Structures are given as structure tokens and as C-alpha cells.
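>>> Fold the following and give me the result.
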Amino acid sequence: MSVDVTKLSSGLTVITDTMPHLQTAALGVWTGVGGRDEKPNEHGISHLLEHMAFKGTARRTSREIVEEIEAVGGDLNAATSSETTAYYARMLKDDVPLAIDVLSDILANPSFDAEELEREKSVIVQEIGAAQDTPDDVVFEHLSEIAYPEQPMGRSLLGTPQTLKGFDRDMLCGYLATHYRGPEMVVAAAGAVDHKQVVAEVQERFASFDGRVGPKPLPAKFGQGGTRVVRRDLEQAHLTLALEGLPQNDPGLFSLQVFTNVLGGGMSSRLFQEVREKRGLCYSIYTFHAPYSDTGFFGLYTGTDPADAPEMMEVIVDEINNAVETLTEAEIARAKAQMKAGLLMALESCSSRAEQLARHILAYGRPLTVEEVVGRIDAVSVESTREIARGLMGRSQPAVVALGSGRGLDKAVAFAEGLSQPRGRSLLH
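So this is what the prediction gives:
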């Protein structure tokens, strides 16, 4: 890797990873603002702002924005999360200046045309409707509400039809001016790029983003746990479970990720083998961990026949409890190999490299080398993983949601309380 970093006087960071053997490049702007920064009356505005960025500027119509990029074979996209919003492009190496110009234009000079705004609000209302028709989305929306009650972290990124209705051009301009600040912005590029050229282009075109630091969101607080059964006439019962995880900078993060992978990170994981391969209770089951700046979210998802839901959850609870103290060297080694392979395979994509660099700057203030990340993975041991797993089990009460129909759902969520009952915790001492 040939990584170069330049911090402009505005606080904006430019980071590039030159891959001279490529003929293409990936480039994007990442901002440290997302759903958790929204006030109650701003619910959904981060996502709307991302949509509206492509709907016209003082220099380009919405059609001209996409036509200019696609005329040279490139593409544009964007994404909103709880803590970041990203705008990115993929293009041939000679068109990097064009991509920087377009991305700076949509962020520095958005028109927020009234007709475009109403049209895009309608599009997002349709997106909300589509999400409500998707059981996976619905069940995780309820799970987030229990995990982070009465907080932005617990709300859907899409907003609601009611909050969207209240947004106007002034609110969008105000939100952009308040949160899109140089110190919270990263321009990251990887592939066939020249660092000095990128810095010069960014310095000129992003000059309007000043060096004042934007407001910080309130600290996230994982709730007291609890269960919820959401009744829907569905073929399957969708079961989810959450525990409080670890924040991005916690030294135990890699050990927790190893435990997550051992438990439900692949076809060789304990849950996949026990629940699907041995018992045939489901098609899909997995665990994951999402680290944030000040909290973490450990989650589990599976779907099964409603009649099998109680057995499913009982098996899941037993497997999680048992795994805490019975992890093996072979399982740890396999999970570490999966993590390292995923890391190294991602480096073959310039888009993945650019995103990884941007996220490192936002999370750590500097890029982590491949050797450093691999070293942290290699340092994980059976004992460190067991210790982290014990902490995971004792840190919070589980949040549990079941979505579907049938009498078995109430019994299923009741079984999940075994994660915090003496029977479950007796293994921890």
C-alpha cells in the first residue's frame, strides 16, 4: 500500500492509496454525520439530504450530474448510516478531476429545488413502504427501538412520512451548514490516483467547508433490554436478539469479532452447524457486531417455522451460553483466518480501499496499516475471547423481537431471557 495523508487548513483530510497497476479509481467524500445526529424534528433528514445532493446544483441539473459521470463510463452513489454519510464515484483514471468537481458541486452548491424536494420526499415515502413490506427490515427496526429507546440510534434512518412532510429547503440548508464541516470530512481515493493532484483539486473545490467543528451527538445508551412480539401474517417467524457490544476504539473489539464469527459468522459456525445442519430448523442464521464511536451492537437473526420458534430460541440460548466457556483453539484460529482473508481480499478492490481509509480516519484519526490490523487479529487468543464473551453476556439484558404469527412466538422470546438468568450466567463463574 502507498498511502498518503494531507490535512488541509480547514481540517478536511485527504487520503489516497495509489495502485499504479490499475486504470480506474474510486473516490468519495465521507462525513461524520448520520442518523444519530438528528433532533426529533429532523428524523430522516440525513438520508433525505443524501438523496437531494444528486437533484441539482447551481451549475448542473439532476440529469446533467449523472450524464456527465456516465458519459465517461463512471458511476455515482451515496449511503447514509447512523454515524456517517458518504458520496462516492468510480471512474477511469483520467476522469478523477471530473469526479472531484461533481462531488464538490453537489455538496457545496446544492439547489434544493422545491419541486425536486417534494418529488424526492415522495420517493422516500415509497422506500419506507417497501421497508415495511420487508420482514427483515421490520424486525430490526423494532430491535433497534428496544436496544436504544427514545434515542436517535434507535430510530430508522428513513424517517417517517410525518417528519419528511415537515422538511423544507431552509431545514436542509441549515442541517448541511451545521454538520458538514471540514474537521468531520474525509476525501478518500484509491486506485490510479496522484496524491498531489487530488489534494490540489480538493483544496480548490472544497474551500467553502470551514474549519469549525460541528456539534457532537448525545452519548448512546443501550437500554434495559426487553422482549417484543410483532404480529404479522407471515410464513416464517423472524427472530432477533441484541446485546450491548463494544465501541470502535475498545481494545477488546477484535476478540469480540472473533467470538461473533465463531458463534454465527459462517457455515462452520456453531449456530449454523447446530441449528441448520443438525436440526434443520432454519435456512438462515447469523450473528454480527456493529461498533460505533461510543457503543456497540451485537445482533443475531434467524427465521424459522412459527411452530419451531420456541425450540429454535432455546437452542440459540444454549449455544451462546455454552460457547462462552467452551471455545476451542481450532475455532479461534478459523475465525481469525476468516477475518484476515476478508481484510486482504477487500484490498483487491479500490472502492473497498477508499472506504476503509475514510472509516479509519473518522474512527482513529489515522489510517491503520494492514500489518497493524493483522497484528491485532493475531493477538486474539482463546482466553481473550472468553473474557470478552463473558463481558458481552454480563453487560446488558438482551433485547429480543419476534415477528410473525402463531402461539410459539411468546414462548420463543421468553426462552431468550435465559441469556440473563442464573442458569445462563452460572457458566460464567
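>>> What about residue 12, how many residues nearby?
By other CB atoms under 10 Å, 24 other residues sit near residue 12. (Each C-beta comes from the backbone N, C-alpha and C, glycine too.)
>>> my bad, should have said residue 33
Using other CB under 10 Å, residue 33 is surrounded by 26 other residues.
>>> who's in contact with it?
By CB atoms under 8 Å, 6 or more residues apart in numbering, residue 33 lies in contact with 46, 83-85, 179-180, 184, 214.
>>> In CSV: these, plus distance to residue 29, pLDDT and neighbour count.
Supplementary listing: the contacts of residue 33 in CSV, determined by distance: CB to CB, whole Å; pLDDT from 0 to 100; neighbours: other CB atoms under 10 Å:
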residue, distance to residue 29, pLDDT, neighbour count
46, 14, 98, 26
83, 15, 97, 23
84, 11, 97, 21
85, 9, 98, 25
179, 13, 96, 22
180, 9, 97, 21
184, 11, 95, 21
214, 15, 88, 18
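>>> Tell me which of those fall in strands.
Among these, DSSP state E puts residue 85 in strands.
>>> what two of the contacts of residue 33 are the furthest from one another?
Within the contacts of residue 33, two members stand farthest from each other by CB to CB: 83 and 180, at 14.1 Å.
>>> Show the pLDDT at the nearest residue to residue 173 once chain neighbours are set aside.
Using CB to CB, 6 or more residues apart in numbering and skipping residues adjacent in sequence, the residue nearest residue 173 is residue 112, 6.6 Å away. Here, the pLDDT recorded for residue 112 equals 96.
>>> Residue 112 sits in which helix or strand?
Assigned by DSSP states H and E, residue 112 belongs to neither a helix nor a strand.
>>> what sits up against stretch 149-163?
With CB under 8 Å, 6+ apart as the test, stretch 149-163 has contacts from 34-38, 41-48, 80-82, 124-125, 127-128, 131, 141, 144-148, 217-218, 220-221, 223, 292, 295.
>>> Now with 7 Å, please.
With contact meaning CB atoms under 7 Å, 6 or more residues apart in numbering, stretch 149-163 is reached by 35-36, 38, 41, 43-44, 47-48, 80, 82, 124-125, 127-128, 131, 141, 144-145, 147-148, 217, 220-221, 223.
>>> next one: stretch 286-300
Contacts with stretch 286-300, where a contact means CB under 7 Å, 6+ apart, come from 82-83, 147, 219-220, 222, 240-248, 253, 256-257, 260, 263-265, 271, 301, 316, 392.
>>> Likewise for stretch 52-69?
Residues from elsewhere that reach stretch 52-69 (CB under 7 Å, 6+ apart): 75-76, 78, 87, 89, 98, 102, 105-107, 109-113, 116-117, 120, 172.
>>> try stretch 255-265
245-246, 269-272, 285-289, 298, 300, 320, 323, 327, 331-332, 335-336, 338-339, 380, 384-385, 388-389, 392.
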